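Trainee: Sharing a model prediction with you, sequence too.
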Amino acid sequence: MNTRAVTRVHLLISVELTLAGAVLAALGGLLVSGPVTAVIAGILTGCGVLIGSLLIRRRIFAGLDQAAQDAHDHGYAEGLAQALLLGITAYEAAVFPLTGGGVSTDERLARRTVAYRIAADDGLPHAVRTAAAAALEAIDHGEDAQAAQHAVKDLNLAAFRLRTGPDAT
């Protein structure tokens, strides 16, 4: 998340609140006691509002930065899960071709390497990683196309749950 615009808006609001507080306190001091009290009240109130705004600013941006990091991590995991699903289905298609002889041995090994490299990424959640391991194992055995399809279906469901949440099935 780019917080530059939010930072600028917060700065402008802080300046406006500081000036408004200082002016109102100065007017109140002028009405109550005179010009010396007005200057002192304006300066003290303005400083207090500015310090309060700066202290609140830390809390606001700490929460925004954490929310942005969580959103980034979640989006990264979703994208990685989708890439993994594509890599594993490409590998499955090479091992269990629907027509003809399929692909060459080199192509099959290249697809297997890509699938394993994506599956090894640390950004994947545990549920997706476990489903990917089961799918890769079923495809590597290369004997039962139905078991491989079922394992890839489980991987697809794990990626879907990651995208929509666990209660969406």
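Mentor: Thanks, I have the structure now. Residues are numbered from 1 along each chain as shown.
Trainee: helices and strands of the chain: which one bottoms out on pLDDT?
Mentor: Of all the helices and strands that make up the chain, the one with the lowest confidence by mean pLDDT, DSSP states H and E is helix 35-95; it has a mean of 85.
Trainee: just checking, what packs against the helix or strand just after it?
Mentor: Using DSSP states H and E, the helix or strand that follows helix 35-95 in sequence is helix 105-119. Helix 105-119 sits against helix 35-95, helix 126-141, with contacts defined as 3 or more C-beta pairs under 8 Å, 6 or more residues apart in numbering; DSSP states H and E. Where you see a C-beta, it was placed from the backbone N, CA and C, and this is true even at glycine.
Trainee: so which of those helices comes closest to Leu157?
Mentor: Each of the helices and strands packed on helix 105-119 has some distance to Leu157 by C-beta to C-beta; the shortest is helix 126-141, at 7.6 Å.
Trainee: what about the following helix or strand past that closest one, average pLDDT?
Mentor: If you walk from helix 126-141 toward the C-terminus, the next helix or strand you reach (DSSP H and E) is helix 145-164. Confidence over helix 145-164 (mean pLDDT, whole number) is 90.
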